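S.K.: show me the folded form of this:
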Amino acid sequence: MKEILIATLLSGLVVDSETKEPIPAARIEVVGEASNNHIYTDFDGNFELDSLNDTTKIRISFISYQDTVLTYEDIKNNSLINLTTY
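M.R.: Numbers count the residues shown, from 1 in each chain. Reported below is the predicted structural model:
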(Lines give C-alpha, C1' and ligand atoms only; values in the text may rest on other atoms or scores of the structure.)
Protein backbone atom coordinates (compact mmCIF):
# COMPACT_ATOMS: atom_id res chain seq x y z
CA MET A 1 0.00 0.00 0.00
CA LYS A 2 1.36 3.41 -0.94
CA GLU A 3 1.52 6.20 1.60
CA ILE A 4 -0.31 9.36 0.53
CA LEU A 5 1.27 12.64 1.56
CA ILE A 6 -0.78 15.81 1.45
CA ALA A 7 1.14 18.98 0.60
CA THR A 8 0.30 22.09 2.59
CA LEU A 9 1.35 25.66 3.25
CA LEU A 10 3.52 26.36 6.29
CA SER A 11 4.12 29.82 7.71
CA GLY A 12 6.10 31.14 10.64
CA LEU A 13 7.92 34.03 12.29
CA VAL A 14 11.65 33.92 13.05
CA VAL A 15 12.81 35.98 16.06
CA ASP A 16 15.87 36.45 18.26
CA SER A 17 15.44 34.22 21.33
CA GLU A 18 16.51 36.94 23.76
CA THR A 19 15.11 40.18 22.34
CA LYS A 20 12.12 38.65 20.50
CA GLU A 21 12.92 41.01 17.61
CA PRO A 22 12.14 39.63 14.15
CA ILE A 23 15.06 38.41 12.02
CA PRO A 24 14.75 39.58 8.41
CA ALA A 25 16.56 37.61 5.67
CA ALA A 26 16.96 34.41 7.72
CA ARG A 27 17.37 31.44 5.37
CA ILE A 28 14.60 28.83 5.45
CA GLU A 29 15.37 25.58 3.60
CA VAL A 30 13.91 22.12 3.25
CA VAL A 31 16.44 19.59 4.59
CA GLY A 32 17.53 16.93 2.13
CA GLU A 33 16.28 18.64 -1.02
CA ALA A 34 18.09 20.51 -3.76
CA SER A 35 19.92 23.60 -2.54
CA ASN A 36 17.63 25.80 -4.64
CA ASN A 37 14.64 24.93 -2.44
CA HIS A 38 15.01 27.76 0.04
CA ILE A 39 13.52 31.15 0.81
CA TYR A 40 14.31 34.07 3.12
CA THR A 41 12.20 35.70 5.77
CA ASP A 42 10.72 39.08 4.91
CA PHE A 43 11.56 42.38 6.63
CA ASP A 44 9.29 41.42 9.56
CA GLY A 45 10.77 37.91 9.97
CA ASN A 46 7.81 36.12 8.35
CA PHE A 47 7.98 33.27 5.86
CA GLU A 48 5.71 30.91 3.92
CA LEU A 49 6.65 27.60 2.31
CA ASP A 50 4.30 25.48 0.27
CA SER A 51 4.24 21.95 -1.10
CA LEU A 52 5.32 20.48 2.23
CA ASN A 53 4.14 17.39 4.06
CA ASP A 54 4.19 16.21 7.66
CA THR A 55 7.54 14.43 7.27
CA THR A 56 9.37 17.57 6.08
CA LYS A 57 12.29 18.96 8.09
CA ILE A 58 13.12 22.68 7.85
CA ARG A 59 16.50 24.31 8.58
CA ILE A 60 16.50 27.96 9.71
CA SER A 61 19.81 29.83 9.67
CA PHE A 62 21.22 33.33 9.90
CA ILE A 63 24.68 34.82 10.42
CA SER A 64 25.89 34.61 14.06
CA TYR A 65 22.92 32.40 15.08
CA GLN A 66 22.90 28.64 15.65
CA ASP A 67 21.18 26.70 12.86
CA THR A 68 17.87 25.25 13.94
CA VAL A 69 16.23 22.20 12.36
CA LEU A 70 12.53 21.69 13.04
CA THR A 71 9.89 19.36 11.67
CA TYR A 72 6.80 20.46 9.83
CA GLU A 73 4.77 19.49 12.91
CA ASP A 74 7.00 21.57 15.22
CA ILE A 75 6.35 24.70 13.17
CA LYS A 76 2.68 23.93 12.57
CA ASN A 77 2.15 23.64 16.34
CA ASN A 78 4.22 26.74 17.18
CA SER A 79 4.92 29.15 14.33
CA LEU A 80 7.19 31.37 16.48
CA ILE A 81 10.77 30.22 15.85
CA ASN A 82 13.45 31.42 18.26
CA LEU A 83 17.05 31.57 17.01
CA THR A 84 19.87 31.63 19.55
CA THR A 85 23.16 33.46 19.06
CA TYR A 86 26.47 31.60 19.35
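
S.K.: ok, which stretches of the protein are helices?
M.R.: 72-77 (DSSP state H).

S.K.: which regions of it sit below the pLDDT cut-off?
M.R.: Scanning the chain for pLDDT under 70 picks out the ranges 1-7, 33-35.

S.K.: biggest strand in it, by residue count?
M.R.: For the chain, the longest strand by residue count, based on DSSP state E, is strand 8-16.

S.K.: tell me which residues touch residue 10, please.
M.R.: Going by CB atoms under 8 Å, 6 or more residues apart in numbering, residue 10 touches 48, 49, 50, 52, 56, 58, 72, 75, 76. In this view, the C-beta of every residue, glycine as well, is placed from N, C-alpha and C.

S.K.: if we go to 7 Å?
M.R.: Taking CB atoms under 7 Å, 6 or more residues apart in numbering as the criterion, residue 10 is in contact with 49, 52, 72, 75, 76.

S.K.: give me the buried entries from those.
M.R.: Among the contacts of residue 10, the ones that count as buried by 16 or more other CB atoms under 10 Å are 49, 52, 72, 75.

S.K.: could you pull out the strands for this protein?
M.R.: Applying DSSP E to the chain gives strands spanning 8-16, 27-30, 38-40, 46-52, 57-61, 68-71, 80-83.

S.K.: nearest to residue 86 among the contacts of residue 10?
M.R.: Taking CB to CB as the measure, residue 86 lies nearest residue 75 of the contacts of residue 10, at 22.6 Å.

S.K.: grab the nearest non-local neighbour of residue 70.
M.R.: Spatial nearest neighbour of residue 70, chain neighbours left out: residue 58 (5.5 Å); criterion: CB to CB, 6 or more residues apart in numbering.

S.K.: okay, and the beta partners of that neighbour?
M.R.: residue 30, residue 70 (DSSP bridges).

S.K.: how many neighbours does it have?
M.R.: Using other CB atoms under 10 Å, residue 58 is surrounded by 22 other residues.

S.K.: hmm, it is touching residue 73, no?
M.R.: No - the pair residue 58 and residue 73 fails to qualify as a contact (CB atoms under 7 Å) at a distance of 10.7 Å.
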